[in-house]
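# Return atomic coordinates for the entry below.
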Amino acid sequence: QVTVVESGGGLVQAGGSLRLSCTASGRAFGIFLLGWFRQAPGKERECVGSIWNYRNTYYADFAKGRFTISRNNVENLVYLEMNNLKPEDTAIYYCAATLRHTSPRANEIDYDFWGQGTQVTVSA
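Residues are numbered from 1 along each chain as shown. Next up is the predicted model:
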């Protein structure tokens, strides 16, 4: 059984930074394709980015230049580093994993295992 758990959400002022962490267990961590998604109130869930390895990543346009996804396969962690946060980044952030793909994916249907989500709130 695969379990995905995020951590690191919280309240931050606009312009600030936050780092989210996620671990996936139940299989060898290195074989997971990992993605970060978010869902703001009243909006559909959208992809923030995805990572297979440091050379194979995908970022949504809104994330480029501000957000960085990295993974540590020794510590079984994937990170979402968010800088210059804006109030519109307020959302529940989800970590997702799949064993079906080995290249970054932006569509949530490509992921099979999801964390419970962590709230990120950016105040103006």
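
# So the residue nearest the centre of the chain versus residue 62, what's the distance?
Geometric centre of the chain, nearest residue: residue 36, 2.3 Å, by CA atoms, centre = their mean. Residue 36 sits 12 Å away from residue 62, going by CB to CB, to the nearest Å. Where you see a C-beta, it was placed from the backbone N, CA and C, and this is true even at glycine.

# same deal with residue 45?
14 Å.

# How about residue 3?
In terms of CB to CB, residue 3 sits 29 Å off from residue 62.

# And the two? Which one has more around it.
Each of residue 3 and residue 62 has its neighbours counted (other CB atoms under 10 Å); residue 62 has more, 14 against 11.

# my guess is residue 79 contacts residue 34, does it?
No: between residue 79 and residue 34 there is no contact, the gap being 9.9 Å when judged by CB atoms under 8 Å.

# which residues are common contacts for those two?
Taking CB atoms under 8 Å, 6 or more residues apart in numbering as the contact rule, the neighbours common to residue 79 and residue 34 are 22, 69, 71.

# could you give the mean pLDDT of the helix or strand containing the second one?
Pointing back at residue 69 there. Per DSSP states H and E: residue 69 is located in strand 67-72. In this model, strand 67-72 has a mean pLDDT of 97.

# next one: stretch 94-104
96.

# chain center to it, what's the gap?
From the chain centre to the centre of stretch 94-104 is a distance of 11 Å (CA atoms, centre = their mean, to the nearest Å).

# cool, and stretch 53-70?
The mean C-alpha position of stretch 53-70 is separated from the chain mean by 10 Å, CA atoms, centre = their mean.
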